[in-house]
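J.: Quick one: sequence and predicted model below, then my questions.
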Amino acid sequence: MKQLFFVSSPFQLVTLVAAIEADLIAEAEERIVVIADNRIAYEVGEGFYRSEMSQLLLARFDRWVLLNDALKPYSCSQWSPRESDLIILERTFRALWDLGDGPLELYVESIQAPPATSFSRIFRTALITVYADGLMVYGPTRTAPGTTIRQRIGRLLYLDLIPGLRPALLEEIGAPASSIDAQRFADVLRSLAGQLSPADEAPAPGTDAPAGPPALIVGQYLSDIGLITVEEESDLYFRMVELARDRGFGSVLFKRHPAASYAAESAVRARCEEIGIAFEILDTPELVEITALRREPGLVIGCFSTALMTLRTAFGVPVVSLGTAELLEAVAPYENSNRVPLVLTHRLLDPANADTPARPEELRSLLDAVAYCMQPELRADLRDRAVEFLTPTPLDTIRTYFKRRRLTALDLPGRLPPRAPARGLRARARGVARRLASASADVRHGLRERAASPRKDRGGPRR
């Protein structure tokens, strides 16, 4: 059997290598990595797979192919073939990638979207393993896989970033879950850090940089995907800088996300220069975890990046999150997949919750209620658990993690009270009532007068 591993980031490569080293992936005739470069203009610049780190990881497999070359000019993340083309496409890709006619096993990261859904349909007899490398694994499945795909999903592989917390992804179809130990993941990264050449290291701080370990801020692309504005994102990063300064750090490193624009961090750099804080932007292709291993920060600050959890769980680095409460309020619609990572980082890493550590059972109850509100039809089985969690929960907590309009629509505890009629409507109703009462009084008065008046003779008695 040949194995196809669909990958779109170096983090996924590390996850798969950790699973292989943990013997969670069986031996195969050939292991082939199918790389999807999801940049808008992937022809410009070098993709992640060209970096020294990615090449070291790819060497653990037999070979790799670039999906973009096969799909040009279509986007890997949007290409969905017609049903009538599936048979000919299977023959085409088997020939193009030299797969032969034998059985295949697919390892896909997101079963709900292309290219995972596309190739699960094309290779219609292939066994499917879903591997999840982030916090979204603890949230519900966005859309139910079709029957022909669902029947071939054998298991879920996930990185165990929150020990004791079971994943919710694909739980509704009964897919068994196998965890990849976070320490195995850390071992792969430590090995990589030792093999990378010095040229890949982030530049050393300037000679005038303050002594002592720096704080590291993990950047995301929050404004680029419309969660907040550029101004709000730069304000959030500056709050992180101020938090680092208040905790005694004299210098701050900023690891920008490779998919983010430069607008937010450029604004933060200017503000740091104004108040005299040493601020260094790291624009390197290496993972945040590699940066942390090399620069050894005393504190890592971010919003809801998965890196916060990997550094906390796998490396024991102190981490803190800021801005999750605001983003929980802003992210829409309610079923947005970022909601579960936001809930987890807020509950576990936000300074406001530092004095109330969460147990895995409490987290699972909270996430079950969130999952039901996100996907009430797909996860109808969670309704009783949602009611059980919400009934005793204080209203302030409910407001943090739930939209009360959503609770009202689902008739759940914490819903909004019944709406009273608007003042204008009440006034109009009173006016109508007065007019009806007046008309009724006029009618009664007329009837009484008619009854009291003498009856006129109309021609006398008949003879």
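T.: Nice, I can see it.

J.: which intervals of the protein have sub-threshold pLDDT?
T.: Counting by pLDDT under 70, the ranges of the chain that qualify are 198-210, 420-425, 427, 439-463.

J.: In it, what residue spans correspond to strands?
T.: 2-7, 30-35, 63-66, 104-108, 127-132, 153-159, 177-180, 215-218, 251-255, 278-282, 299-302, 319-321 (DSSP state E).

J.: List just the one of these that sits closest to Arg166.
T.: With CB to CB as the measure, strand 177-180 is the member of those nearest Arg166 (6.9 Å). C-beta: built from backbone N, CA, C; applies to glycine.

J.: how about the closest one: buried residues?
T.: 177, 179-180 (16 or more other CB atoms under 10 Å).

J.: Report all helices and strands that that strand contacts.
T.: Packing contacts for strand 177-180, counted by 3 or more CB pairs under 8 Å, 6 or more residues apart in numbering; DSSP states H and E, involve helix 10-21, strand 153-159.

J.: Tell me which of the ones you listed sits most buried.
T.: helix 10-21 (a mean of 23; mean count of other CB atoms under 10 Å).

J.: Alpha carbons only: can I get that helix in CSV?
T.: Written as CSV, here are the backbone C-alpha positions of helix 10-21 (Å, rounded to 0.1, in the frame of the first residue of the first chain):
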residue,chain,number,x,y,z
PRO,A,10,5.7,23.0,8.0
PHE,A,11,3.8,22.5,11.3
GLN,A,12,1.9,19.7,9.6
LEU,A,13,5.1,18.1,8.5
VAL,A,14,6.5,18.1,12.0
THR,A,15,3.2,16.5,13.3
LEU,A,16,3.4,13.7,10.7
VAL,A,17,7.1,13.0,11.4
ALA,A,18,6.3,12.9,15.1
ALA,A,19,3.5,10.4,14.4
ILE,A,20,5.8,8.2,12.3
GLU,A,21,8.5,8.2,15.0
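
J.: Any idea how far it is from the middle of the chain?
T.: Put simply, helix 10-21 sits 20 Å off its chain's centre (CA atoms, centre = their mean, to the nearest Å).

J.: now the angle between strand 153-159 and it, please.
T.: Interaxial angle of helix 10-21 relative to strand 153-159 (axes from the mean of the first three to the mean of the last three CA atoms, to 10 degrees): 110 degrees.

J.: So which residue is dead centre in the chain?
T.: A centroid search over the chain (CA atoms, centre = their mean) returns Asn338, at 2.6 Å, as the residue closest to the centre.

J.: For the closest residue in space to it that isn't next to it in sequence, give me its contacts.
T.: Spatially, and ignoring its direct neighbours in sequence, Asn338 is nearest to Val331 (5.5 Å; CB to CB, 6 or more residues apart in numbering). Counting by CB atoms under 8 Å, 6 or more residues apart in numbering, Val331 touches 227, 338-339, 342.

J.: for those residues, which one is nearest Asp246?
T.: Nearest member of the contacts of Val331 to Asp246, counting by CB to CB, is Leu342, at 23.7 Å.

J.: so who does that closest one touch?
T.: Contacts of Leu342 (CB under 8 Å, 6+ apart): 304, 324, 327-328, 331.

J.: From Thr284, how far out is the residue nearest to Gly302 when sequence neighbours are not counted?
T.: Nearest residue to Gly302, sequence neighbours excluded (CB to CB, 6+ apart): Val218, at 3.5 Å. Distance of Val218 to Thr284, given as CB to CB, to the nearest Å: 13 Å.

J.: Neighbour-wise, give me the winner out of the contacts of Leu342.
T.: Ranked by neighbour count (other CB atoms under 10 Å), these have Phe304 at the top, with 28 neighbours.

J.: Please enumerate the helices of the stretch 251-400 of the chain.
T.: 263-275, 288-295, 306-315, 324-330, 339-349, 360-374, 383-390, 395-401 (DSSP state H, counting those that start in this stretch).

J.: what's the offset of the fourth one from the middle of its chain?
T.: Between the centre of helix 324-330 and the centre of its chain there are 13 Å (CA atoms, centre = their mean).

J.: can you check the first one too?
T.: Distance of helix 263-275 from its chain centroid, counting by CA atoms, centre = their mean, is 28 Å.

J.: Can you lay out the strands of the chain as a markdown table showing distance to Arg359?
T.: What follows is the strands of the chain, written out as a markdown table (distance: least, CB to CB, whole Å):
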| stretch | distance to Arg359 |
| --- | --- |
| strand 2-7 | 34 |
| strand 30-35 | 38 |
| strand 63-66 | 42 |
| strand 104-108 | 32 |
| strand 127-132 | 23 |
| strand 153-159 | 20 |
| strand 177-180 | 18 |
| strand 215-218 | 26 |
| strand 251-255 | 31 |
| strand 278-282 | 36 |
| strand 299-302 | 23 |
| strand 319-321 | 19 |
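
J.: Nearest approach to Tyr49 belongs to which of the ones you listed?
T.: strand 30-35 (5.0 Å).

J.: list the buried ones in the closest one?
T.: Applying 16+ other CB under 10 Å to strand 30-35 flags 31-35 as buried.

J.: How about stretch 67-81?
T.: Buried residues in stretch 67-81 (16+ other CB under 10 Å): 67-68, 71, 74-76, 81.

J.: Just give the nearest non-adjacent residue to Leu412, would you?
T.: With CB to CB, 6+ apart, the residue lying closest to Leu412 is Leu390, at 5.7 Å.

J.: from what I can see that neighbour touches Leu407, true?
T.: Yes. Leu390 is in contact with Leu407 according to CB atoms under 8 Å; the separation is 7.3 Å.

J.: Can you pick out the residue with more neighbours from the two?
T.: In this comparison of Leu390 against Leu407, neighbours counted by other CB under 10 Å, the higher total goes to Leu390 at 22 against 19.

J.: residue contacts, the more buried one?
T.: Neighbour list for Leu390: 369, 398, 402, 407, 412-414 [criterion: CB under 8 Å, 6+ apart].

J.: Distance-wise, check it relative to Pro360.
T.: Applying CB to CB to Leu390 and Pro360 gives a distance of 19 Å.

J.: same question, Arg415
T.: Arg415 is 28 Å from Pro360, by CB to CB.

J.: same question, Gly226
T.: 33 Å.

J.: coming back round to it: next, format the contacts of Val331 as JSON lines and append distance to Phe279.
T.: JSON lines is the format used below for those (distance: CB to CB, whole Å):
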{"residue": "Leu227", "distance to Phe279": "23"}
{"residue": "Asn338", "distance to Phe279": "27"}
{"residue": "Arg339", "distance to Phe279": "31"}
{"residue": "Leu342", "distance to Phe279": "26"}
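
J.: Pick the one among the residues you listed closest to Thr147.
T.: When the contacts of Val331 are compared against Thr147 (criterion: CB to CB), the nearest one is Arg339, at 27.5 Å.

J.: pretty sure that closest one contacts Gly139?
T.: Yes. Between Arg339 and Gly139 there is a contact at 7.0 Å, judged by CB under 8 Å.

J.: No further queries at this time; thank you.
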